[in-house]
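> Got a predicted structure here, sequence first:
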Amino acid sequence: MTNTVHAIKWISFKRVVLCAVFFLLLGLTRNNAQAAENTVYEDGTVYEFDKDSHYVLDDAASVVSASTDNTIGLFSISGDLTLDSSDDVSAEIPAYIVEDGLITATTHLTA
């Protein structure tokens, strides 16, 4: 009878250890949740400068909004990002906060 009780205790111990290892491994697995990816098509500005200019934006000879008529395409930024609207950033130049991971900048050429 002692051998039977000992065998039952040993099997129960193995089950407890197996369950503990299973739940430990389950807890260690990483849950990769992907955030929704944003794509922002950034409006550009085309600055034209005189021949001997030092490329100071205020000294531009011509300033027009970028379009497919005066540029070779569109520019976009993709990733988990949000527009930074803090007081530290210039209102004229958009800045983005990368929440997680990497971003991708793409130029979409037009014919």
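Arrived safely.
> tell me the helices in the chain, going along the chain?
Under the criterion DSSP state H, the chain contains helices at 2-28.
> okay, and for it, where does confidence drop off?
Applying pLDDT under 70 to the chain picks out residues 1-2, 5, 7, 16-17, 19-36, 89, 91, 111.
> tell me the centre residue of this structure?
Among the residues of the chain, the one closest to the centroid is Asp80, at 3.2 Å (Cα atoms, centre = their mean).
> Thought Gly101 was touching that residue, still the case?
Yes: assessed by Cβ atoms under 8 Å, Asp80 is found in contact with Gly101 at 5.7 Å. C-beta here means a position set from N, CA and C on the backbone, and glycine is covered the same way.
> Please tell me how far Phe13 sits from Thr4.
15 Å (Cβ to Cβ, to the nearest Å).
> I figured Lys97 hits Leu81, correct?
If you look again at residue 97, you'll see it is Ile, not Lys. Yes: applying Cβ under 8 Å, one finds Ile97 in contact with Leu81, separated by 6.3 Å.
> Which residue of the two possesses the greater neighbour count?
For Ile97 versus Leu81, the count of surrounding residues by other Cβ atoms under 10 Å is larger for Leu81: 19 against 12.
> partners of the more buried one in the sheet?
Beta-bridge pairing for Leu81 (DSSP bridges): Val98.
> Thanks a lot, see you next time.
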